[in-house]
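**Student:** Here's a sequence, model it:
(chains A and B)
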Amino acid sequence: MSTVNPVNQEKSSSYTSRFRDNKLTFLRVTNSEWIKFRSIRSNWITLALTFLVIVGFGILSASINRGGGGGGGEVRSPFDRVLTGVNLSVLIIAVFGGVFGAREYGSGMIKSSFSAVPRRLPVFFNKIILFSKAVFPTLLIAVFLAFTIGTSILKHNGTAVPKLGDPFILRALLGNIFYVLGLGLIGLSVGILVRQTAVAIAITVGGVLFLPALLGAVLPNSWHKALEYLPSNAGGAFTAPNGVSINSLSPTTGGIVFIAWIIGVFALTSFSLVKRDV
Amino acid sequence: MIEVRELSKVYGDTKAVDNVSFTVKTGVVTGFLGPNGAGKSTTMRMILGLDKPTHGDVLINGQRYVDSRTPLSLLGSLLEAKSVDKGRSAYNHLRAVGATMGIGKTRINEVIEMVGLESVKKKNAAKFSLGMSQRLGIATALLGDPEILVLDEPVNGLDPDGIMWIRNLLKDLARQGRTIFLSSHLMSEMELTAEHLIVIGKGKILADMSMHEFISRSSQNYVQVVSPQADSFVSVLTSNGGIIRTRDKNSIEVSALSSATVGDLALANQIALHQLADVAPSLESAFMELTEDQVSFHGHNAEESK
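**Tutor:** Below you'll find the predicted structure:
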């Protein structure tokens, strides 16, 4: 490709780094991202908060007997009651994702990161892996604890409760975990795409979580079919513990649509990341 | 060696860097000078692949930086001291960057000691002064024991001790056969550190030559003469093509004549000389002369340039 420049011959006198044999590898970037993650205290606080919210609200909601309907509102199923905290954890994790993705742009750290890993994509992919590795176990343990403790409290108070072995229950529990993690990953990807924490949060929380409900209220009924394919509505198809959901998307279709959204956002971010100036 | 080849960067209608080609040679400190907005930082970011060139490319020891399998040991860089997460300690910052190439604790502690941050290495970068941040940036640049260093304003925020330290450090590193490319707006500092100069203005290369040649080419060179017969000597000098820059009693500053010619003229005309000296301009005045019409952001009393 490039012509061999005779000036290169003077290389004999040039310095050779003692780390010349240390190669940049994907696994080393994984390690680098792990060091970055664990050395920021707020990451751990956010994970702990997520855990406490899911387990805490699960116990609280199961313990407080609203059977009389004092506060008004529809009677919620035992499943929804023990997973009350998940609704709040969706917000926490979506915001966490946005902050996690945009953080290095806010601090300028991204220049150090992309100078060390000039191809950029290994940094993005490792952030996805690391975020999942940190958030998934937290959600998994919290959701199953909330379900187990919550249902035993309800049962003790004489309410008929679902069991893990009942149809669709396990799938709905895993569906909830997957949904929250997925929104966090969308937040992360959008954070890197837009490079600003506030914008990332606005898009993820506003655009993904609240916009579908707003559109549903505003748009004519003929549009509602299309709205079912938005991420949050698609998520609703596989987070509910019943075979036929209120959405017309089946749980499987909902899951596929949701994954397609995540992959789409990842692809957009990857493309932008490789093409643009840092 | 850094080879910049026909490099351009266009933002909308603005050509920040306009078809620039130059080579940064191994074994010397090369200074990169230019007024604000001349395209220095943009060029440096394109060398690192952080900004994508609109046209042209940059080869680092024969390859594009983005293709390097050993980026940190090929090229260490300092673009802004603020390229650090404030929530992380200096030590963990270096650990995270070094980990991408498996550079371990021994080297981390070594560079921390080199830049003098031992006592604060576990402190959050948020609590760092500008000088300390700058030292951390230099430590990051040195981490991979790089063959090439690209430093944008490395002495920013450093105290006089720190400035002298980095001057000597850079000269030592160049002597070991490394390529050093640095920008600075401190002319006197650049004059002491760099051997070679590349001057950029409005996105184009204005000069690419040794420091010595750059300064001696300036019309600001003059000969300082002190003579008790200054009146008659002034007429001798002007009739031989000399230009009198200033005259203060017995002291004359003359340009357009060499000191040898001035001395010969004095002897031939029987004029006593008490002092005869070549005065080279500072890098600053040579630079100002070259870039007079090249400044993008004028002070408001300056003439509007088209």
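
**Student:** which parts of the stretch 151-278 of chain A sit against chain B?
**Tutor:** Residues of the stretch 151-278 of chain A lying near chain B by Cβ under 8 Å from any Cβ of the partner chain: A:275-278. In short, each C-beta sits where N, CA and C put it, glycine included.

**Student:** Those residues in strands, which ones?
**Tutor:** Among these, none falls in strands (DSSP state E).

**Student:** count of residues packed around residue B:11?
**Tutor:** By the criterion of other Cβ atoms under 10 Å in any protein chain shown, residue B:11 has 12 neighbours.

**Student:** In this model residue B:75 seems to touch residue B:148, though I could be wrong.
**Tutor:** Yes: using Cβ atoms under 8 Å, residue B:148 is in contact with residue B:75, at 4.4 Å.

**Student:** Which one's more surrounded, these two?
**Tutor:** Neighbour count, other Cβ under 10 Å: between residue B:148 and residue B:75, residue B:75 has more, with 27 against 24.

**Student:** and the helix or strand of chain B with the lowest mean pLDDT, which residues are buried?
**Tutor:** Ranked by mean pLDDT, DSSP states H and E, the helix or strand of chain B with the weakest confidence is helix B:283-291, at a mean of 82. Buried residues in helix B:283-291, counted by 16 or more other Cβ atoms under 10 Å in any protein chain shown: B:283, B:286-288, B:290-291.

**Student:** Could you list the residues in contact with it?
**Tutor:** B:33-35, B:38, B:187-188, B:190-191, B:199, B:201, B:206-207, B:211, B:214-215, B:217-220, B:281 (Cβ atoms under 8 Å, 6 or more residues apart in numbering or on different chains).

**Student:** change it to 10 Å
**Tutor:** With Cβ atoms under 10 Å, 6 or more residues apart in numbering or on different chains as the test, helix B:283-291 has contacts from B:31, B:33-35, B:38, B:186-192, B:194, B:197, B:199-202, B:206-207, B:211, B:214-221, B:280-282, B:295.

**Student:** Would you mind checking the residues you listed for buried ones?
**Tutor:** For the contacts of helix B:283-291, a burial check counting by 16+ other Cβ under 10 Å picks out B:31, B:33-35, B:38, B:187, B:189-191, B:194, B:197, B:199-202, B:206-207, B:211, B:214-215, B:218, B:220-221, B:281, B:295.

**Student:** residue ranges with poor pLDDT in the chain?
**Tutor:** Went with chain A since none was named. Segments of chain A classed as low confidence (criterion: pLDDT under 70) are A:1-12, A:65-75, A:243-247.

**Student:** please go with chain B instead
**Tutor:** For chain B, the stretches flagged by pLDDT under 70 are B:293-306.

**Student:** Look through it and report the residue furthest from the middle.
**Tutor:** Relative to the mean C-alpha coordinate of chain B, counting by Cα atoms, centre = their mean, the farthest residue is residue B:270 (45.3 Å).

**Student:** Could I get the contacting residues of it?
**Tutor:** B:229, B:232.

**Student:** got the phi/psi numbers for it?
**Tutor:** phi 60, psi 40 (degrees, to the nearest 10).

**Student:** Could you do the one 5 residues further on as well?
**Tutor:** According to degrees, to the nearest 10, the main-chain angles of residue B:275 amount to phi -160, psi 140.

**Student:** thought it was touching residue B:228?
**Tutor:** No: assessed by Cβ atoms under 10 Å, residue B:275 is found out of contact with residue B:228, at 11.0 Å.

**Student:** Apart from its chain neighbours, what residue comes closest to residue A:20?
**Tutor:** What sits nearest to residue A:20 in space, not counting adjacent residues and going by Cβ to Cβ, 6 or more residues apart in numbering or on different chains, is residue B:73, at 5.4 Å.

**Student:** Tell me if that neighbour really is in a helix.
**Tutor:** Yes: counting by DSSP: H, G, I helix; E, B strand; the rest coil, residue B:73 is located in a helix.

**Student:** Output the longest helix belonging to chain A.
**Tutor:** The single longest helix within chain A, with elements called by DSSP state H, is helix A:121-156.

**Student:** Go through that one and flag the buried ones.
**Tutor:** Residues A:122-128, A:130-131, A:134-135, A:138-139, A:142-147, A:149-151, A:153-154 are the ones in helix A:121-156 that count as buried (16+ other Cβ under 10 Å).

**Student:** Which other helices and strands does whichever strand or helix holds residue A:181 contact?
**Tutor:** According to DSSP states H and E, residue A:181 maps onto helix A:169-194. With contacts taken as 3 or more Cβ pairs under 10 Å, 6 or more residues apart in numbering or on different chains; DSSP states H and E, helix A:169-194 sits against helix A:41-63, helix A:78-82, helix A:84-107, helix A:121-156, helix A:197-201, helix A:231-239, helix A:251-275.

**Student:** buried stuff in that helix?
**Tutor:** Going by 16+ other Cβ under 10 Å, helix A:169-194 has these buried residues: A:169, A:171-194.

**Student:** What segments of the stretch 151-300 of chain B are helices?
**Tutor:** For the stretch 151-300 of chain B, applying DSSP state H, counting those that start in this stretch gives helices covering B:160-175, B:187-193, B:211-216, B:230-239, B:259-268, B:283-291.

**Student:** among those, which is nearest residue B:50?
**Tutor:** Nearest to residue B:50, of all these, is helix B:160-175, at 22.0 Å by Cβ to Cβ.

**Student:** quick one, what contacts residue A:177?
**Tutor:** Applying Cβ under 10 Å, 6+ apart to residue A:177 gives the contacts A:54, A:86, A:89, A:135-144, A:239.

**Student:** Not counting its neighbours along the chain, what's nearest it?
**Tutor:** Spatial nearest neighbour of residue A:177, chain neighbours left out: residue A:139 (4.5 Å); criterion: Cβ to Cβ, 6+ apart.

**Student:** same question, residue B:237
**Tutor:** The nearest residue in space to residue B:237 (Cβ to Cβ, 6+ apart) is residue B:254, at 5.3 Å.

**Student:** That neighbour pairs with what?
**Tutor:** Using DSSP bridges, the beta-bridge partners of residue B:254 come out as residue B:223, residue B:244.

**Student:** all strands of the stretch 1-150 of chain B, in order?
**Tutor:** Under the criterion DSSP state E, counting those that start in this stretch, strands of the stretch 1-150 of chain B are mapped to B:2-11, B:14-24, B:29-33, B:55-60, B:75-78, B:148-152.

**Student:** Okay, angle between the least confident helix or strand of chain B and strand B:29-33 too, please.
**Tutor:** In terms of direction (axes from the mean of the first three to the mean of the last three Cα atoms, to 10 degrees), helix B:283-291 departs from strand B:29-33 by 50 degrees.

**Student:** Kindly tell me how buried residue B:64 is, as a neighbour count.
**Tutor:** 14.

**Student:** Ok, residue A:164 next?
**Tutor:** Neighbour count of residue A:164, defined by other Cβ under 10 Å: 11.

**Student:** Surely it is in a helix?
**Tutor:** No: Residue A:164 is assigned coil when assessed by three-state DSSP, not a helix.

**Student:** my guess is it contacts residue A:173, does it?
**Tutor:** Yes: the pair residue A:164 and residue A:173 qualifies as a contact (Cβ under 10 Å) at a distance of 7.8 Å.

**Student:** Which residues are in contact with each of the two?
**Tutor:** Shared contacts of residue A:164 and residue A:173 (Cβ under 10 Å, 6+ apart): A:144, A:147.

**Student:** hmm, back to that, so who does the residue nearest to residue A:177 touch?
**Tutor:** Counting by Cβ under 10 Å, 6+ apart, residue A:139 makes contact with A:47, A:50-51, A:54, A:86, A:89, A:93, A:174, A:176-181, A:184.
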